[in-house]
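Undergrad: pasting the structure only:
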């Protein structure tokens, strides 16, 4: 599940809205919406994100949060390390091979370190 998918599910659950109801309300298939929530689809287009924001009738900070979450919710990311130092290539390769084995705590730690160091 992506950060955006988790937030969408939370918004639906808080409002007692089924996946089918929301899909109909934003004019997408329930299969697509389910795939979006589960991280099997890439981040939504700006237009779809605006329909989601309108559907939930959210404004300001919460709308900004949804847009921020969409930006960091691409489940099929590619990292190009061409031209970077060898350590960058090594790190991305090690992460690719081990990310599914890392615990939530490990991932949180790595994420915070990257954020702290300017990422």
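TA: Noted; the coordinates are in hand. This is a predicted model, so every value here is computed, not measured.
Undergrad: any low-confidence regions in this structure?
TA: For the chain, applying pLDDT under 70 flags the ranges 119.
Undergrad: can you map out the helices along it?
TA: For the chain, helices defined by DSSP state H occupy the ranges 3-14, 19-26, 30-37, 46-56, 60-71, 86-98, 104-116.
Undergrad: Can you give me the separation between the residue most central in space within the chain and residue 100?
TA: In the chain, the centroid-proximal residue (Cα atoms, centre = their mean) is residue 73; its distance is 2.2 Å. Distance from residue 73 to residue 100, counting by Cβ to Cβ, to the nearest Å: 17 Å. Where C-beta positions appear, they are placed from N, C-alpha and C, glycine not excepted.
Undergrad: can you list the domains in the chain?
TA: 3-71, 86-116 (automatic domain parsing).
Undergrad: Give me the distance between the last one and the centre of its chain.
TA: Same thing as domain 86-116. The chain centre lies 17 Å from the centre of domain 86-116; the measure is Cα atoms, centre = their mean, to the nearest Å.
Undergrad: Figure out the length between the terminal residues of that domain.
TA: End-to-end span of domain 86-116 (Cα to Cα, to the nearest Å): 22 Å.
Undergrad: and residue 28, how far is that from residue 15?
TA: Applying Cβ to Cβ to residue 28 and residue 15 gives a distance of 17 Å.
Undergrad: Looking at the two, which is more packed in?
TA: residue 28 (17 against 12; other Cβ atoms under 10 Å).
Undergrad: Contacts only, for residue 18.
TA: The neighbours of residue 18, taking Cβ atoms under 8 Å, 6 or more residues apart in numbering as the test, are residue 12.
Undergrad: got the phi/psi numbers for it?
TA: phi -80, psi 160 (degrees, to the nearest 10).
Undergrad: number of nearby residues for the closest residue in space to residue 63 that isn't next to it in sequence?
TA: Spatial nearest neighbour of residue 63, chain neighbours left out: residue 53 (4.8 Å); criterion: Cβ to Cβ, 6 or more residues apart in numbering. Residues within reach of residue 53, counting by other Cβ under 10 Å, total 17.
Undergrad: Do I have it right that residue 53 meets residue 66?
TA: Yes: using Cβ atoms under 8 Å, residue 53 is in contact with residue 66, at 6.0 Å.
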